[in-house]
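1. what would the 3D arrangement of this be:
(one chain, ligands or ions: 1)
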Amino acid sequence: MSTTADSDQAVEQLGIEVSDSPFSLELSDDQREIRDWVHGFAEKEIRPHASEWDEREETPWPIIGEAAKIGLYGFEALAQFWSDPSGLTMPIVNEELFWGDAGIGMSIFGTTLAVAGIYASGTPEQMMEFVPQCYGTPEDPKVASFCVSEPDAGSDVSALRTTAKHDEASDEWVINGQKAWATNGGIADVHVIVASVDRELGSRGHAGFVVPPGTKGIEQGAKVKKHGIRASHTADVHLDDCRIPGSCLLGGKEKLDERLARAREGKRAKTQAAMKTFEVSRPTVGSQAIGIARAAYEYALDYAKERVQFGRPIIENQAIAFALADMKMEIDAARLLVWRASWMGRNNKQFDNAEGSMSKLKAGEVAVWVTERAIQILGGNGYTREFPVERMHRDAKIYTIFEGTSEIQRLVIARAISGHHIR
Ligand SMILES: Cc1cc2nc3c(=O)[nH]c(=O)nc-3n(C[C@H](O)[C@H](O)[C@H](O)COP(=O)(O)OP(=O)(O)OC[C@H]3O[C@@H](n4cnc5c(N)ncnc54)[C@H](O)[C@@H]3O)c2cc1C
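-> Prediction:
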């Protein structure tokens, strides 16, 4: 068998200088340590309670509190995960957390959506002021909500009807409208609201606003009863003459006025910047789907080794063993796409082929497929609430819908690779 030393020697004989490879898929000690720490939390504090919170359909505040206490939920934790220059720590943490349970995982990580919204367009001062408020303190943890979608504006974000009007006299913004399907909507301390300041400009007339804790004129509408991720709170949010200080406009008024002037003059939008924000966040969402898929695969693998039919464990049938082989292969393939896109995002690489969208699309579809296969491998048991793969399948389905449906991801990829405005 040839060794690395043999191949290094062969390369040297060709006159090529041998150096330490800059490419490696081996995790660093730090990454392994964080992965094992989050895995331990998921195993001890999340998994045993997953079914209970799924049935209760309530935010698991005690578990968020535990995560905050050990430093897994909070601004510092997020900064630590994000600071890894390889970009891999963020997806690794998400995979482990959602391996524990996706509904509870979303309750812990949903705040990050709002934080990402502040990070995408806020000034450094706004980040310093509002991001810690999104999390609260370990003694009194809070959650935040990112509200873009509306009843008539889901995939078509340009159709937003929520308006924000500037009151020059008081330098306040007055927001009116209805947001739909907001994760943590109404129970959040901080709501980040995307509203239209000039409807004629479509999505170019949108701006992001922080509605700070205790603001009047914002309230929760109907809470949504869902198919999956039921421990994560989802609700409509109503904004009725909701007044916020001028300083809550993300990025500031000067920048907004410049952007609107460009749009009114018909100048090209800096679409690359908006596109990049999504491309950077999508692999993290993909890693959550991988966590669910891996949990279902592992459960089905163990079950197939134990369950005896026709006098032998069911795994000894190729039909079952090959299904598990395919499940493992698809999960690993999806993870590689997620890791590539995470590395690209962290290292400011151009997403020429919408690699972020690719990773979320693949991971979401793999999670739905793998969890369905897991149910099949468990047979009747798989279809009952006594076994967790049924819940995992319900949880997985959201990953082909939110943060851009599978169809929208394909649209983004198709446009990126073709340069054509595919509809
Ligand atoms: C549990 C949950 C949590 C959510 N959390 C949040 C949140 O925190 N904040 C937030 O702002 N939103 C949130 N959403 C909303 C979510 O992002 C939207 O549901 C999603 O973007 C799809 O929009 P829609 O439901 O209106 O579907 P629609 O846009 O009505 O789409 C319906 C179908 O048509 C397809 N379709 C639409 N347009 C095209 C096209 N051009 N080409 C091909 N197919 C197309 C879609 O792919 C889909 O299959 C959440 C939703 C859910 C269910």
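
2. with adjacent residues omitted, what lies nearest to residue 280?
-> Leaving out its chain neighbours, the residue that sits closest to residue 280 by C-beta to C-beta, 6 or more residues apart in numbering is residue 345, at 3.7 Å. Where you see a C-beta, it was placed from the backbone N, CA and C, and this is true even at glycine.

3. tally of neighbours for the one you found?
-> By other C-beta atoms under 10 Å, 23 other residues sit near residue 345.

4. now residue 26
-> Neighbour tally, residue 26, other C-beta under 10 Å: 6.

5. could I get the phi/psi values of it?
-> Backbone torsions of residue 26, given as degrees, to the nearest 10, read phi -80, psi 130.

6. swap in residue 145?
-> Phi and psi for residue 145, reported as degrees, to the nearest 10, are phi -130, psi 140.

7. what's the answer for residue 349, then?
-> Phi and psi for residue 349, reported as degrees, to the nearest 10, are phi -80, psi 150.

8. please apply the same query to residue 240.
-> Per degrees, to the nearest 10, the backbone of residue 240 is at phi -130, psi 100.

9. ok, and the closest non-adjacent residue to it?
-> Closest to residue 240 by C-beta to C-beta, 6+ apart is residue 217, at 5.1 Å.

10. which element is the residue nearest to residue 280 on?
-> helix 318-346 (DSSP states H and E).

11. in that helix, what counts as buried?
-> Residues 320, 323-324, 327-328, 330-331, 334-335, 337-346 are the ones in helix 318-346 that count as buried (16 or more other C-beta atoms under 10 Å).

12. also stretch 411-423?
-> By neighbour count with 16+ other C-beta under 10 Å, stretch 411-423 contains the buried residues 411, 412, 413, 415, 416.

13. got the contact list for it?
-> Defining contact as C-beta atoms under 8 Å, 6 or more residues apart in numbering, one finds that stretch 411-423 is touched by 275, 278, 351, 352, 353, 354, 357, 358, 361, 404.

14. center of this structure, which residue is that?
-> Nearest to the geometric centre of the chain sits residue 285, at 3.0 Å (C-alpha atoms, centre = their mean).

15. what sits against it?
-> Residues near residue 285 by C-beta under 8 Å, 6+ apart: 360, 363, 364, 399, 402, 403.

16. and the angle from whatever helix or strand it lives in to helix 318-346?
-> Secondary structure assignment for residue 285, by DSSP H and E: helix 271-306. Orientation check (axes from the mean of the first three to the mean of the last three C-alpha atoms, to 10 degrees): helix 271-306 against helix 318-346 gives 150 degrees.

17. in its sheet, what does the helix or strand just after helix 271-306 sit against?
-> Using DSSP H and E, the helix or strand that directly follows helix 271-306 along the chain is strand 308-309. If you go by DSSP bridges, strand 308-309 pairs up with strand 312-313 (antiparallel).

18. out of the buried residues of stretch 411-423, which is nearest to the ligand?
-> Nearest to the ligand among those is residue 411, at 5.6 Å by C-beta to the nearest ligand atom.

19. which stretch of helix or strand covers the closest one?
-> Going by DSSP H and E, residue 411 is part of helix 406-418.

20. now residue 178: how far from residue 196?
-> As judged by C-beta to C-beta, to the nearest Å, residue 178 and residue 196 stand 13 Å apart.

21. repeat for residue 128
-> Distance from residue 128 to residue 196, by C-beta to C-beta: 27 Å.

22. same thing with residue 91?
-> 33 Å.

23. next: residue 366.
-> From residue 366 to residue 196 the distance is 36 Å (C-beta to C-beta).

24. what does residue 254 give?
-> Distance from residue 254 to residue 196, by C-beta to C-beta: 19 Å.

25. compare these two (neighbour count), which wins?
-> Between residue 254 and residue 196, residue 196 has the larger neighbour count (other C-beta under 10 Å), namely 23 against 8.

26. next one, pLDDT for residue 5 please.
-> Among the per-residue scores, residue 5 shows a pLDDT of 59.

27. ditto for residue 72
-> Looking at residue 72, the pLDDT reads 97.

28. checking the residue nearest to it when sequence neighbours are not counted next. Helix, strand or coil?
-> Among residues not flanking residue 72 along the chain, residue 41 sits closest, at 6.0 Å (C-beta to C-beta, 6+ apart). Using DSSP: H, G, I helix; E, B strand; the rest coil, the structure places residue 41 in helix.

29. residues touching residue 41, list them.
-> By C-beta under 8 Å, 6+ apart, the contact list for residue 41 reads 66, 67, 70, 72, 97, 100.

30. circling back: of the contacts of residue 285, closest to residue 46?
-> residue 399 (18.1 Å; C-beta to C-beta).

31. burial of the residue in the stretch 251-400 of the chain that the ligand sits nearest to, as a residue count?
-> Closest residue of the stretch 251-400 of the chain to the ligand, C-beta to the nearest ligand atom: residue 398 (5.2 Å). Residues within reach of residue 398, counting by other C-beta under 10 Å, total 25.

32. residue contacts, residue 69?
-> Neighbouring residues of residue 69 by C-beta under 8 Å, 6+ apart: residue 138.

33. again with residue 248
-> 173, 209, 210, 211, 212.

34. for it, give me the pLDDT.
-> Listed pLDDT for residue 248 reads 98.

35. about what we covered before: tabulate the contacts of residue 285 (a markdown table), appending pLDDT.
-> Formatted as a markdown table, the contacts of residue 285 follow (pLDDT from 0 to 100):
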| residue | pLDDT |
| --- | --- |
| 360 | 98 |
| 363 | 98 |
| 364 | 98 |
| 399 | 98 |
| 402 | 96 |
| 403 | 94 |
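
36. closest one of the residues you listed to residue 305?
-> For these, the nearest to residue 305 is residue 363 (26.2 Å; C-beta to C-beta).

37. so that closest one sits against residue 338, correct?
-> Yes: taking C-beta atoms under 8 Å as the definition, residue 363 is a contact partner of residue 338 at 5.8 Å.

38. residues that sit against both of the two, list them.
-> With C-beta under 8 Å, 6+ apart, residue 363 and residue 338 have common neighbours 286, 287, 290.

39. from those residues, pick the one nearest residue 51.
-> Closest to residue 51, out of all of those and judged by C-beta to C-beta, is residue 290, at 21.4 Å.

40. from residue 123, how far off is residue 136?
-> For residue 136, the distance to residue 123 - C-beta to C-beta - is 22 Å.

41. neighbour count for these two, which is higher?
-> The neighbour comparison of residue 136 against residue 123 (other C-beta under 10 Å) goes to residue 136, with 21 against 15.

42. for that one, list each beta-bridge partner.
-> In beta-bridge terms (that is, DSSP bridges), residue 136 pairs with residue 141.
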